[in-house]
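[1] what would the 3D arrangement of this be:
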Amino acid sequence: MLREGDDLERRIVKLGRINAALIERLDHYDKTRGSAWSLFQAALALEKEVAARNRDLERALADLSQRNHELAAARLAAEEANRSKTRFLRAASHDLLQPLSAARLFLSNLAGLELGVDQADLVKRLGNAFESVEDLIRAVLD
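    Modelled structure (predicted):
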């Protein structure tokens, strides 16, 4: 504190100390205020980053949802194609096996007739061949 009785040098020293204390307070205030400002700026930057990430996630979720719908539609189409294939194979197997069954019936009628040895052997071989063809067709169509 300054007193009126202090000489000039003493007053200068006291004023220097007061000045240094005030400058120190201002520096401290600026540092504190600067830190708060830095934190505020960092918070703004983080808020922008979070908003950008949220937009990215929303786009990714929309894309994922779209792909799931596409996959579900593709699965339904594949299931329908499989059902159509099954219906076709069922009809085709009947159409392919029916003439073979008729031929086997003719062969069994031939086998019931009185045939020579060579003819009976031929009928037997034809029967075995038709049976093999039927088995092969059934295996392919199953």
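[2] skip ahead from the top helix by length along the chain and say which helix or strand is next.
    Longest helix of the chain, by residue count under DSSP state H: helix 8-112. Downstream of helix 8-112, the first helix or strand assigned by DSSP states H and E is helix 117-141.
[3] helices and strands around that following helix, which ones?
    helix 8-112 (3 or more CB pairs under 8 Å, 6 or more residues apart in numbering; DSSP states H and E). Glycine gets a C-beta too; all of them are placed from N, C-alpha and C.
[4] average pLDDT across the helix it packs on?
    Across helix 8-112, pLDDT averages out at 87.
[5] could you check the angle helix 117-141 makes with that helix?
    Helix 8-112 and helix 117-141 are oriented at 160 degrees to each other (axes from the mean of the first three to the mean of the last three CA atoms, to 10 degrees).
[6] next one: helix 8-112 to chain centre, how far?
    Distance, stretch centre to chain centre, for helix 8-112: 10 Å (CA atoms, centre = their mean, to the nearest Å).
[7] can you give me the neighbour number for L107?
    By other CB atoms under 10 Å, the residues close to L107 number 20.
[8] roughly how far apart are the residue nearest the centre of the chain and E70?
    When the chain is reduced to its mean C-alpha position, the nearest residue by CA atoms, centre = their mean turns out to be L64, at 7.1 Å. Distance of L64 to E70, given as CB to CB, to the nearest Å: 11 Å.
[9] S38 now?
    Distance, S38 to E70, by CB to CB: 48 Å.
[10] cool, and L46?
    36 Å.
[11] and the residue nearest to the centre of the chain, how far is that from H28?
    53 Å.
[12] same thing with L105?
    L105 is 112 Å from H28, by CB to CB.
[13] again with R138
    Applying CB to CB to R138 and H28 gives a distance of 95 Å.
[14] same check, this time on A20
    13 Å.
[15] for A51, same thing?
    For A51, the distance to H28 equals 35 Å [CB to CB].
[16] likewise D7?
    As judged by CB to CB, D7 and H28 stand 32 Å apart.
[17] likewise L76?
    For L76, the distance to H28 - CB to CB - is 71 Å.
[18] follow-up on the earlier one: against which helices or strands is the longest helix of the chain packed?
    Judged by 3+ CB pairs under 8 Å, 6+ apart, the packing partners of helix 8-112 are helix 117-141.
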